[in-house]
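Novice: fold the following, please.
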Amino acid sequence: MDRNSVFHALADENRRTILDRLASRNGQTLSALTSVLDISRQAVTKHLTVLEAADLVVVIRRGRERLHYLNPVPIHTEVMRWLQRFEKTELRTLAAIAEQAEDRRER
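Specialist: Reported below is the predicted structural model:
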């Protein structure tokens, strides 16, 4: 999994909508996903290709159908990687700075 591919995949609103749809009901076909988006079937296919490349969507064949499933692991991995960069003490310092800035605005 390439870190940049995850961020690239999440940067597009249509791809986020596809992920939201899969989160609400996993295992959807291309037709089902296309029905909720106001873009062409070909555009949905291209978005799914980007999501698959980022390992955010896994495709399983069932007969002639291709069912698309959400894989939240890459998102979780990136979120945890970012959160671990900030220790509790650093978060407290950032919270104190934010509080001071808000106090100044209120004056």
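Novice: max-length helix in this protein?
Specialist: helix 88-106 (DSSP state H).
Novice: in that helix, what's buried?
Specialist: Residues of helix 88-106 include none that count as buried (16 or more other CB atoms under 10 Å). For every residue, glycine as well, the C-beta is placed using N, CA and C.
Novice: where in this structure is pLDDT low?
Specialist: 1-2, 86-89 (pLDDT under 70).
Novice: what are the boundaries of the strands in it?
Specialist: Listed in chain order, the strands of the chain (DSSP state E) span 57-62, 65-70.
Novice: what's the most buried one of those?
Specialist: Among the strands of the chain, ranked by average contacts under mean count of other CB atoms under 10 Å, first place goes to strand 65-70 (a mean of 16).
Novice: show me the contact partners of that one.
Specialist: For strand 65-70, the external contacting residues (CB atoms under 8 Å, 6 or more residues apart in numbering) are 18-19, 22-23, 26-30, 33, 48, 56-61.
Novice: out of those, which are buried?
Specialist: 18-19, 22, 28, 30, 33, 48, 56-57.
Novice: among those residues, which two are most distant?
Specialist: Leu30 and Leu56 (15.9 Å; CB to CB).
Novice: returning to what we had before: so of the contacts of strand 65-70, which ones are in helices?
Specialist: Short answer: the contacts of strand 65-70 in helices (DSSP H) are 18-19, 22-23, 30, 33, 48.
Novice: which two of these have the greatest separation?
Specialist: Largest pairwise distance in these, by CB to CB, is 17.3 Å, between Ala23 and Leu30.
Novice: contacts only, for the residue lying closest to Asn71 once chain neighbours are set aside.
Specialist: Spatial nearest neighbour of Asn71, excluding adjacent residues (CB to CB, 6 or more residues apart in numbering): Val58 at 5.0 Å. For Val58, the contact set (CB under 8 Å, 6+ apart) comprises 52, 68-71.
Novice: brilliant, that's me finished.
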